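Student: got a predicted model here, sequence first, then my questions.
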Amino acid sequence: MITFSYPAKFKMGSDGRVMVTFADLPRVATDGKDDREAMEEAMDALGSDLSIRLTRREEIPSPTNPKRGQRLVAVPLWLAPKLALYLAMRDQRVSNSDLARRLGVHERVIRRMLDPKHATKAEKIQAALAALGKQMTVEVRDAA
């Protein structure tokens, strides 16, 4: 099972803004005027970094377990299914063309599914994941 939440440290800066850094993603940092805005900005920064990595077909670091003083920041919902598909294909060494054949679609359909800028229907990604022996679920839990 893959959980798409990354631990982040929220720290009050000397200017009164809440600074956010990610241990697993050292090039990602942001801030906000308060905790709420800092969390929104953290989700946005996380999504931006991971979408760039996906577009470039770079490694997607696995999230580590949060340490004391860290909070989990969820990957934006528009991106998490695409990351799941990318990681499943990469783990199984399945190319775009191979997956397209399994699904009976053109390879460009798979390219679009993996494109962070393309609004892919969740059902299409679910079908692609199922062809790879994966099941996508959504979990909602109480906020900490």
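Tutor: It's in.

Student: Gly32 pairs with what?
Tutor: Beta-bridge partners for Gly32, by DSSP bridges, are Val18.

Student: same for the top strand by length along the chain, what does it pack against?
Tutor: Across the chain, the strand with the greatest residue count (assigned by DSSP state E) is strand 5-12. For strand 5-12, the elements it packs on are strand 18-22, helix 35-55, strand 70-74, judged by 3 or more Cβ pairs under 8 Å, 6 or more residues apart in numbering; DSSP states H and E. For glycine as for every other residue, the C-beta is placed from the backbone atoms N, C-alpha and C.

Student: listing partners with orientation, what would you give for that strand?
Tutor: As defined by DSSP bridges, the strand partners of strand 5-12 come to strand 18-22 (antiparallel), strand 70-74 (antiparallel).

Student: other residues contacting the first one?
Tutor: So the one you mean is strand 18-22. Contacts with strand 18-22, where a contact means Cβ atoms under 8 Å, 6 or more residues apart in numbering, come from 6-13, 28-35, 37-39, 41-42, 45-46, 73.

Student: now list the buried members of those.
Tutor: Neighbour-count burial (16 or more other Cβ atoms under 10 Å) applied to these gives 6-8, 10, 28, 30-32, 38-39, 41-42, 45-46, 73.

Student: closest to Arg112 among these?
Tutor: Taking Cβ to Cβ as the measure, Arg112 lies nearest Leu46 of the buried ones among the contacts of strand 18-22, at 22.5 Å.

Student: shouldn't that closest one be in contact with Tyr6?
Tutor: Yes: using Cβ atoms under 8 Å, Leu46 makes contact with Tyr6 at a distance of 6.0 Å.
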